[in-house]
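**Q** Show me how the following folds:
(one chain, ligands or ions: 1)
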Amino acid sequence: MTATDQAARTIVVTGGSRGIGRAICQALAAPGAHIFVNFAAAGEAAEETAALVRRAGGSATIVQADVAQPDAVAAMFKTVLEATGRVDVLVNNAGITRDGLLVRMKPADWGRVLETNLGGAFRCIQQATKPMMKQRYGRIINISSVVGAMGNPGQANYVTAKAGLEGLTRSVAKELASRNITVNAIAPGFIETDMTADLGEKARAAMVDQIPLKRAGRPEDIAGAAAFLAGPAADYITGQVIHVSGGMYM
Ligand code: NAP
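**A** Numbers count the residues shown, from 1 in each chain. Alright, predicted model coming up:
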(Lines give C-alpha, C1' and ligand atoms only; values in the text may rest on other atoms or scores of the structure.)
Protein backbone atom coordinates (compact mmCIF):
# COMPACT_ATOMS: atom_id res chain seq x y z
CA MET A 1 0.00 0.00 0.00
CA THR A 2 1.48 3.38 -1.03
CA ALA A 3 1.68 6.37 1.30
CA THR A 4 -1.23 7.98 -0.58
CA ASP A 5 -3.34 4.84 -0.20
CA GLN A 6 -2.42 4.72 3.50
CA ALA A 7 -3.93 8.17 4.02
CA ALA A 8 -7.13 7.31 2.14
CA ARG A 9 -8.09 4.27 4.15
CA THR A 10 -11.53 3.21 5.36
CA ILE A 11 -11.40 2.77 9.13
CA VAL A 12 -14.07 1.32 11.42
CA VAL A 13 -13.77 1.99 15.16
CA THR A 14 -16.34 0.24 17.33
CA GLY A 15 -17.27 2.26 20.40
CA GLY A 16 -15.62 5.23 18.71
CA SER A 17 -17.96 7.73 20.30
CA ARG A 18 -16.26 8.16 23.68
CA GLY A 19 -13.15 7.48 25.73
CA ILE A 20 -10.40 5.39 24.18
CA GLY A 21 -12.38 4.89 20.95
CA ARG A 22 -12.70 8.64 20.42
CA ALA A 23 -8.95 9.15 20.94
CA ILE A 24 -8.24 6.37 18.43
CA CYS A 25 -10.55 8.01 15.86
CA GLN A 26 -8.66 11.27 16.33
CA ALA A 27 -5.25 9.60 16.07
CA LEU A 28 -6.21 7.87 12.81
CA ALA A 29 -7.87 10.94 11.29
CA ALA A 30 -5.43 11.71 8.50
CA PRO A 31 -6.61 13.87 5.60
CA GLY A 32 -8.27 11.47 3.13
CA ALA A 33 -9.10 8.83 5.74
CA HIS A 34 -12.76 7.90 6.14
CA ILE A 35 -13.58 6.95 9.72
CA PHE A 36 -16.79 5.17 10.64
CA VAL A 37 -17.49 6.07 14.25
CA ASN A 38 -19.61 3.29 15.73
CA PHE A 39 -21.73 3.76 18.84
CA ALA A 40 -24.52 1.86 20.59
CA ALA A 41 -26.49 4.54 22.42
CA ALA A 42 -24.65 7.86 22.68
CA GLY A 43 -25.30 9.41 19.27
CA GLU A 44 -24.44 12.91 20.45
CA ALA A 45 -21.00 11.82 21.61
CA ALA A 46 -20.46 10.06 18.28
CA GLU A 47 -21.33 13.31 16.46
CA GLU A 48 -18.73 15.12 18.58
CA THR A 49 -16.10 12.54 17.67
CA ALA A 50 -17.02 12.86 13.98
CA ALA A 51 -16.59 16.65 14.21
CA LEU A 52 -13.11 16.15 15.75
CA VAL A 53 -12.16 13.78 12.90
CA ARG A 54 -13.34 16.31 10.30
CA ARG A 55 -11.39 19.07 12.03
CA ALA A 56 -8.28 16.89 11.64
CA GLY A 57 -8.92 16.63 7.89
CA GLY A 58 -10.57 13.20 7.71
CA SER A 59 -14.09 12.22 6.69
CA ALA A 60 -16.38 10.76 9.30
CA THR A 61 -19.69 8.92 9.35
CA ILE A 62 -21.41 7.88 12.54
CA VAL A 63 -22.98 4.44 12.51
CA GLN A 64 -25.23 3.06 15.22
CA ALA A 65 -24.91 -0.67 15.91
CA ASP A 66 -24.93 -2.75 19.08
CA VAL A 67 -21.99 -5.09 18.41
CA ALA A 68 -23.71 -7.77 20.50
CA GLN A 69 -26.41 -8.01 17.79
CA PRO A 70 -25.41 -9.97 14.67
CA ASP A 71 -27.91 -8.23 12.38
CA ALA A 72 -26.82 -4.80 13.55
CA VAL A 73 -23.16 -5.61 12.85
CA ALA A 74 -24.01 -6.93 9.37
CA ALA A 75 -26.00 -3.75 8.65
CA MET A 76 -23.10 -1.57 9.83
CA PHE A 77 -20.63 -3.21 7.44
CA LYS A 78 -23.20 -2.97 4.62
CA THR A 79 -23.30 0.79 5.24
CA VAL A 80 -19.50 0.98 5.22
CA LEU A 81 -19.11 -1.05 2.04
CA GLU A 82 -21.85 0.87 0.22
CA ALA A 83 -20.09 4.12 1.10
CA THR A 84 -16.45 3.32 0.32
CA GLY A 85 -16.29 -0.24 -1.03
CA ARG A 86 -13.55 -1.27 1.39
CA VAL A 87 -12.44 -1.82 4.97
CA ASP A 88 -8.76 -1.21 5.65
CA VAL A 89 -8.59 -0.88 9.43
CA LEU A 90 -10.91 -2.35 12.05
CA VAL A 91 -10.50 -1.39 15.70
CA ASN A 92 -12.57 -3.58 18.03
CA ASN A 93 -12.80 -1.20 20.95
CA ALA A 94 -16.45 -1.40 22.09
CA GLY A 95 -16.58 -2.77 25.60
CA ILE A 96 -18.59 -2.79 28.80
CA THR A 97 -18.23 -3.96 32.37
CA ARG A 98 -20.84 -5.64 34.59
CA ASP A 99 -18.71 -6.33 37.65
CA GLY A 100 -19.56 -8.63 40.53
CA LEU A 101 -18.06 -11.53 42.46
CA LEU A 102 -18.51 -14.85 40.69
CA VAL A 103 -20.74 -16.37 43.38
CA ARG A 104 -23.27 -13.61 42.85
CA MET A 105 -22.78 -12.92 39.14
CA LYS A 106 -26.03 -12.93 37.23
CA PRO A 107 -26.00 -15.08 34.08
CA ALA A 108 -27.27 -12.04 32.15
CA ASP A 109 -24.21 -10.02 33.24
CA TRP A 110 -21.90 -12.85 32.24
CA GLY A 111 -23.59 -13.19 28.86
CA ARG A 112 -23.85 -9.49 28.07
CA VAL A 113 -20.14 -8.86 28.68
CA LEU A 114 -19.08 -11.93 26.67
CA GLU A 115 -21.42 -11.06 23.78
CA THR A 116 -20.28 -7.43 23.64
CA ASN A 117 -16.55 -7.60 24.38
CA LEU A 118 -15.73 -10.91 22.69
CA GLY A 119 -18.71 -11.78 20.47
CA GLY A 120 -18.75 -8.23 19.10
CA ALA A 121 -15.12 -8.52 18.00
CA PHE A 122 -15.76 -11.95 16.44
CA ARG A 123 -18.70 -10.60 14.42
CA CYS A 124 -16.89 -7.47 13.26
CA ILE A 125 -13.79 -9.44 12.27
CA GLN A 126 -15.94 -11.87 10.28
CA GLN A 127 -17.58 -9.00 8.40
CA ALA A 128 -14.37 -7.03 7.83
CA THR A 129 -12.21 -9.90 6.65
CA LYS A 130 -14.28 -10.47 3.50
CA PRO A 131 -13.29 -7.13 1.90
CA MET A 132 -9.83 -7.24 3.51
CA MET A 133 -9.10 -10.64 1.92
CA LYS A 134 -10.13 -9.29 -1.49
CA GLN A 135 -7.95 -6.21 -1.00
CA ARG A 136 -5.07 -8.32 0.30
CA TYR A 137 -4.65 -5.70 2.97
CA GLY A 138 -6.09 -5.20 6.43
CA ARG A 139 -5.16 -4.06 9.90
CA ILE A 140 -7.24 -5.40 12.81
CA ILE A 141 -6.65 -4.06 16.31
CA ASN A 142 -8.46 -5.54 19.30
CA ILE A 143 -8.64 -3.56 22.52
CA SER A 144 -8.07 -6.01 25.36
CA SER A 145 -7.02 -5.18 28.93
CA VAL A 146 -4.14 -5.93 31.32
CA VAL A 147 -6.60 -7.96 33.38
CA GLY A 148 -6.85 -10.48 30.52
CA ALA A 149 -3.35 -11.60 31.56
CA MET A 150 -3.50 -10.74 35.29
CA GLY A 151 -7.03 -11.78 36.31
CA ASN A 152 -9.10 -9.52 38.54
CA PRO A 153 -11.50 -10.35 41.37
CA GLY A 154 -15.02 -9.16 40.60
CA GLN A 155 -14.47 -9.21 36.85
CA ALA A 156 -14.65 -12.90 35.86
CA ASN A 157 -16.89 -12.05 32.89
CA TYR A 158 -14.74 -9.14 31.68
CA VAL A 159 -11.43 -10.95 32.21
CA THR A 160 -12.71 -14.05 30.40
CA ALA A 161 -13.81 -11.91 27.45
CA LYS A 162 -10.44 -10.12 27.27
CA ALA A 163 -8.39 -13.33 27.61
CA GLY A 164 -10.58 -14.81 24.87
CA LEU A 165 -10.02 -11.74 22.72
CA GLU A 166 -6.27 -12.30 22.96
CA GLY A 167 -6.67 -15.94 21.89
CA LEU A 168 -8.90 -14.81 19.03
CA THR A 169 -6.21 -12.31 18.03
CA ARG A 170 -3.55 -15.01 17.74
CA SER A 171 -5.74 -17.53 15.88
CA VAL A 172 -7.09 -15.04 13.37
CA ALA A 173 -3.60 -13.57 12.89
CA LYS A 174 -2.43 -17.03 11.77
CA GLU A 175 -5.48 -17.55 9.53
CA LEU A 176 -5.15 -14.21 7.75
CA ALA A 177 -1.41 -13.56 7.56
CA SER A 178 -1.08 -14.93 4.03
CA ARG A 179 -3.53 -12.24 2.86
CA ASN A 180 -1.44 -9.41 4.33
CA ILE A 181 -3.94 -8.88 7.12
CA THR A 182 -2.37 -8.30 10.53
CA VAL A 183 -4.27 -8.85 13.77
CA ASN A 184 -2.93 -7.44 17.02
CA ALA A 185 -4.24 -6.46 20.43
CA ILE A 186 -3.56 -3.62 22.83
CA ALA A 187 -3.92 -4.30 26.55
CA PRO A 188 -4.53 -0.98 28.32
CA GLY A 189 -3.96 -0.61 32.05
CA PHE A 190 -5.92 1.91 34.13
CA ILE A 191 -7.12 4.61 31.72
CA GLU A 192 -9.18 7.64 32.68
CA THR A 193 -12.50 7.37 30.84
CA ASP A 194 -16.19 7.07 31.75
CA MET A 195 -15.55 3.35 32.37
CA THR A 196 -13.28 4.10 35.32
CA ALA A 197 -14.90 7.37 36.44
CA ASP A 198 -16.99 5.77 39.20
CA LEU A 199 -13.95 4.60 41.15
CA GLY A 200 -13.70 6.50 44.44
CA GLU A 201 -10.67 8.71 45.21
CA LYS A 202 -9.20 6.11 47.59
CA ALA A 203 -9.51 3.22 45.12
CA ARG A 204 -8.09 5.42 42.37
CA ALA A 205 -5.04 6.32 44.49
CA ALA A 206 -4.51 2.63 45.34
CA MET A 207 -4.68 1.78 41.64
CA VAL A 208 -2.17 4.48 40.67
CA ASP A 209 0.12 3.25 43.43
CA GLN A 210 0.35 -0.13 41.64
CA ILE A 211 1.51 1.54 38.41
CA PRO A 212 5.29 1.85 38.09
CA LEU A 213 4.95 5.06 36.03
CA LYS A 214 2.82 6.49 38.89
CA ARG A 215 -0.02 7.93 36.87
CA ALA A 216 -3.27 6.79 35.33
CA GLY A 217 -3.21 6.42 31.55
CA ARG A 218 -4.94 8.77 29.13
CA PRO A 219 -6.98 7.65 26.13
CA GLU A 220 -4.25 9.24 23.95
CA ASP A 221 -1.71 6.77 25.40
CA ILE A 222 -3.74 3.93 23.86
CA ALA A 223 -4.44 5.83 20.65
CA GLY A 224 -0.70 6.21 20.04
CA ALA A 225 -0.24 2.43 20.12
CA ALA A 226 -3.25 1.98 17.82
CA ALA A 227 -1.86 4.48 15.30
CA PHE A 228 1.44 2.58 15.36
CA LEU A 229 -0.24 -0.80 14.78
CA ALA A 230 -2.40 0.65 11.99
CA GLY A 231 0.56 2.32 10.28
CA PRO A 232 3.36 1.10 8.00
CA ALA A 233 5.91 0.87 10.84
CA ALA A 234 3.97 -2.17 12.12
CA ASP A 235 3.60 -3.97 8.79
CA TYR A 236 5.65 -6.95 10.05
CA ILE A 237 3.90 -7.32 13.40
CA THR A 238 1.01 -9.75 13.84
CA GLY A 239 -0.53 -11.87 16.58
CA GLN A 240 0.90 -9.69 19.34
CA VAL A 241 -0.53 -8.12 22.47
CA ILE A 242 1.04 -4.76 23.34
CA HIS A 243 0.58 -3.75 26.97
CA VAL A 244 0.10 -0.01 27.44
CA SER A 245 -0.25 0.17 31.19
CA GLY A 246 2.52 2.27 32.67
CA GLY A 247 4.18 -1.01 33.58
CA MET A 248 1.20 -2.29 35.62
CA TYR A 249 1.77 -5.69 34.04
CA MET A 250 5.20 -6.93 32.99
P1 NAP B 1 -16.12 3.96 27.73
O2 NAP B 1 -15.58 5.32 27.97
O3 NAP B 1 -17.16 3.41 28.63
O4 NAP B 1 -16.62 3.88 26.21
C5 NAP B 1 -17.16 2.68 25.72
C6 NAP B 1 -17.46 2.82 24.26
O7 NAP B 1 -17.98 1.56 23.79
C8 NAP B 1 -18.52 3.86 23.97
O9 NAP B 1 -18.23 4.49 22.75
C10 NAP B 1 -19.80 3.02 23.85
O11 NAP B 1 -20.78 3.59 23.02
C12 NAP B 1 -19.24 1.77 23.20
N13 NAP B 1 -20.10 0.61 23.39
C14 NAP B 1 -20.48 0.01 24.55
N15 NAP B 1 -21.27 -1.04 24.31
C16 NAP B 1 -21.40 -1.13 22.97
C17 NAP B 1 -22.09 -2.00 22.09
N18 NAP B 1 -22.81 -3.01 22.55
N19 NAP B 1 -22.01 -1.79 20.76
C20 NAP B 1 -21.28 -0.76 20.27
N21 NAP B 1 -20.60 0.11 21.04
C22 NAP B 1 -20.66 -0.08 22.37
O23 NAP B 1 -14.93 2.89 27.76
P24 NAP B 1 -13.36 3.02 27.50
O25 NAP B 1 -12.69 3.10 28.81
O26 NAP B 1 -13.08 4.03 26.46
O27 NAP B 1 -13.07 1.54 26.96
C28 NAP B 1 -12.84 1.24 25.59
C29 NAP B 1 -12.23 -0.15 25.51
O30 NAP B 1 -11.01 -0.18 26.26
C31 NAP B 1 -13.11 -1.24 26.09
O32 NAP B 1 -13.02 -2.40 25.29
C33 NAP B 1 -12.51 -1.48 27.46
O34 NAP B 1 -12.77 -2.78 27.91
C35 NAP B 1 -11.05 -1.26 27.16
N36 NAP B 1 -10.26 -0.95 28.35
C37 NAP B 1 -10.49 0.18 29.09
C38 NAP B 1 -9.71 0.42 30.21
C39 NAP B 1 -9.89 1.64 31.09
O40 NAP B 1 -9.23 1.71 32.13
N41 NAP B 1 -10.72 2.60 30.71
C42 NAP B 1 -8.70 -0.49 30.58
C43 NAP B 1 -8.50 -1.62 29.81
C44 NAP B 1 -9.27 -1.84 28.70
P45 NAP B 1 -22.17 4.17 23.63
O46 NAP B 1 -21.78 5.33 24.48
O47 NAP B 1 -22.99 4.52 22.47
O48 NAP B 1 -22.72 3.04 24.47
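**Q** For residue 26, give me its contacts.
**A** 49, 52-53, 56, 223 (C-beta atoms under 8 Å, 6 or more residues apart in numbering). For glycine as for every other residue, the C-beta is placed from the backbone atoms N, C-alpha and C.
**Q** repeat that with 7 Å
**A** Residues near residue 26 by C-beta atoms under 7 Å, 6 or more residues apart in numbering: 52-53, 56, 223.
**Q** So for the lengthiest strand in the chain, mean pLDDT?
**A** Scanning the chain for the strand with the most residues, using DSSP state E, yields strand 181-188. Mean pLDDT, strand 181-188: 98.
**Q** ok, then the element right after it?
**A** helix 201-209 (DSSP states H and E).
**Q** If you count contacts, what does the longest strand of the chain end up packed against?
**A** strand 138-143, helix 156-176, helix 219-230, strand 241-244 (3 or more C-beta pairs under 7 Å, 6 or more residues apart in numbering; DSSP states H and E).
**Q** Nearest the geometric middle of the protein, what residue?
**A** residue 93 (2.1 Å; C-alpha atoms, centre = their mean).
**Q** Looking at the helices and strands packed on strand 181-188, which is nearest to the ligand?
**A** strand 138-143 (4.4 Å; C-beta to the nearest ligand atom).
**Q** near the ligand, which residues of this structure?
**A** 14-15, 17-21, 38-42, 45, 66-68, 93-96, 116, 143, 145, 188, 190-191, 193-196 (C-beta under 6 Å from any ligand atom).
**Q** One more pass at 5 Å, please.
**A** Residues of the chain lying near the ligand by C-beta under 5 Å from any ligand atom: 15, 17-21, 39-42, 66-68, 93-96, 116, 143, 145, 188, 191, 193-196.
**Q** Just the ones of those in helices?
**A** 19-21 (DSSP state H).
**Q** most neighbours, which of those residues?
**A** With neighbours taken as other C-beta atoms under 10 Å, the top of those is residue 21, carrying 30 neighbours.
**Q** For that residue, give me the pLDDT.
**A** Looking at residue 21, its pLDDT is 98.
**Q** which residues touch it?
**A** Contacts of residue 21 (C-beta under 7 Å, 6+ apart): 13, 15, 93.
**Q** Then residue 13?
**A** Per C-beta under 7 Å, 6+ apart, neighbours of residue 13: 21, 24-25, 35, 37-38, 91, 93.
**Q** doesn't residue 36 fall inside a strand?
**A** Yes: membership of residue 36 in a strand is supported by DSSP: H, G, I helix; E, B strand; the rest coil.
**Q** How many residues are close by residue 51?
**A** Residue 51 has 11 neighbouring residues, counting by other C-beta under 10 Å.
**Q** Could you measure from it over to residue 110?
**A** 37 Å (C-beta to C-beta, to the nearest Å).
**Q** Most neighbours among the contacts of residue 26, which one is it?
**A** residue 53 (27 neighbours).
**Q** Which helix or strand contains that residue?
**A** Assigned by DSSP H and E, residue 53 falls in helix 43-55.
**Q** Run through the residues that contact residue 99.
**A** Neighbouring residues of residue 99 by C-beta under 7 Å, 6+ apart: 154-155.
**Q** Now it: phi and psi?
**A** phi -70, psi 150 (degrees, to the nearest 10).
**Q** State the distance from it to the ligand.
**A** 12 Å (C-beta to the nearest ligand atom, to the nearest Å).
**Q** Same check on residue 11?
**A** 15 Å.
**Q** can you check residue 47 too?
**A** 11 Å.
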